[in-house]
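Student: next come a sequence and a model predicted from it.
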Amino acid sequence: MKHFSFGLLLIAAALAGCASTQVTPNQASSARTESCKAASQADIASLFDRWNRSLQTGDPQKVVANYAQQSILLPTVSNTPRLTPAEKLDYFQHFLENRPSGKIDMRVIEIDCNTAWDAGLYTFTFAKTGASVSGRYSYTYRWNGSDWLITSHHSSAMPESK
């Protein structure tokens, strides 16, 4: 009987411990007090302009500075996903050789708490060759406390019309 009472005491203590560490939904939301950066459609649209201006400098470091440390670039003219700043730098060193300039043709922007999405169609012209390429794009941005940075960037050429 002594062992049975001791076992019940242990179970009761364990249950009491679990009950005291439970987090109710109200406690969980009050513990997470993330403040959301206010942003308008125009604010998010201007992030592409910032990225495009960095292309115009011809400096791949300035382009890569638009990307969060932990981000992905799925570029138009490479089959290799670029995850690290060094991999992005390598891509932009080659991409910038033809002096690209982008123009948004159509877009949809969604804004959430410290995250935004900009997706649509764009056209790049290349000053060095005179070529023009239309593509689909999507950018995901995250507010890091001081700046909006790209966390994912996908770009692909438009499929040929048949």
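Tutor: On my side now, so go ahead. Residues are numbered from 1 along each chain as shown.

Student: ok so residue 80 is a helix residue?
Tutor: No: in this structure, residue 80 is coil, not part of a helix, as judged by DSSP: H, G, I helix; E, B strand; the rest coil.

Student: how close does it get to residue 96?
Tutor: Residue 80 sits 17 Å away from residue 96, going by Cβ to Cβ, to the nearest Å. Glycine gets a C-beta too; all of them are placed from N, C-alpha and C.

Student: what do you get for residue 77?
Tutor: Residue 77 is 12 Å from residue 96, by Cβ to Cβ.

Student: ends of stretch 53-68, what's the gap?
Tutor: Across stretch 53-68, the terminal residues are separated by 18 Å (Cα to Cα, to the nearest Å).

Student: then stretch 55-64?
Tutor: The first-to-last residue distance of stretch 55-64 comes to 10 Å (Cα to Cα).

Student: all helices of this structure, in order?
Tutor: Taking DSSP state H to define them, one finds helices in the chain at 2-21, 25-31, 41-56, 60-64, 85-95.

Student: worst-scoring helix or strand of the chain, pLDDT-wise?
Tutor: Ranked by mean pLDDT, DSSP states H and E, the weakest helix or strand in the chain is helix 2-21, scoring a mean of 42.

Student: who are the contact partners of residue 92?
Tutor: Residue 92 makes contact with 60, 63-64 under the criterion Cβ atoms under 8 Å, 6 or more residues apart in numbering.

Student: in CSV, list the residues you listed along with pLDDT and distance to residue 70.
Tutor: Shown next, in CSV, are those (pLDDT from 0 to 100; distance: Cβ to Cβ, whole Å):
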residue, pLDDT, distance to residue 70
60, 98, 19
63, 98, 17
64, 98, 13
